[in-house]
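Trainee: Next come a sequence and a model predicted from it.
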Amino acid sequence: MIRLIFLLAVIAIAVLIVRKILETGKTTSDEKPPARKPLTDMVRCEHCGVHLPLSEAIQDGDHFYCSREHKELAAKD
């Protein structure tokens, strides 16, 4: 009976050791970090105040707008 308990303990310890080895064998350096979007300058719409990327803004001199409608509305004011 003692031999059986000893054998079960040895098997349990062996299983725990193998699991630990397999867990540490996984390296996170193989995984690539998520791709980041390149940072871009943000500007504020002169009419409504929303912030948007410079590449999407409509520029009129030193003023930026989020849409043509807001550019036209700002010209009327």
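Mentor: Sure thing, it's come through.

Trainee: Leu52: how many residues sit nearby?
Mentor: Neighbours of Leu52 under the rule other CB atoms under 10 Å: 17. Where C-beta positions appear, they are placed from N, C-alpha and C, glycine not excepted.

Trainee: Checking it next. Helix, strand or coil?
Mentor: The local conformation at Leu52, judged by DSSP: H, G, I helix; E, B strand; the rest coil, is strand.

Trainee: And the residue nearest to the spatial centre of the chain, how close does it get to Pro53?
Mentor: The residue lying closest to the centre of the chain (CA atoms, centre = their mean) is Pro34, at 6.1 Å. Separation of Pro34 from Pro53 (CB to CB, to the nearest Å) stands at 20 Å.

Trainee: Leu8 too?
Mentor: According to CB to CB, Leu8 and Pro53 sit 64 Å apart.

Trainee: Also Glu23?
Mentor: Relative to Pro53, and taking CB to CB, Glu23 is found at 43 Å.

Trainee: could I have stretch 43-54 exported to PDB, CA atoms only?
Mentor: Extracted in PDB, the C-alpha atoms of stretch 43-54 (Å, rounded to 0.1, in the frame of the first residue of the first chain):
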ATOM      1  CA  VAL A  43      -6.300  69.700 -35.600                       C
ATOM      2  CA  ARG A  44      -9.500  71.200 -34.400                       C
ATOM      3  CA  CYS A  45     -12.500  72.200 -36.600                       C
ATOM      4  CA  GLU A  46     -13.000  75.900 -36.400                       C
ATOM      5  CA  HIS A  47     -16.800  75.500 -36.600                       C
ATOM      6  CA  CYS A  48     -17.700  72.600 -34.300                       C
ATOM      7  CA  GLY A  49     -14.500  72.000 -32.300                       C
ATOM      8  CA  VAL A  50     -14.200  68.300 -33.100                       C
ATOM      9  CA  HIS A  51     -10.600  67.100 -33.300                       C
ATOM     10  CA  LEU A  52      -9.500  65.100 -36.400                       C
ATOM     11  CA  PRO A  53      -6.300  64.000 -38.100                       C
ATOM     12  CA  LEU A  54      -4.600  66.700 -40.200                       C
END
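
Trainee: Right, I'll leave it there.
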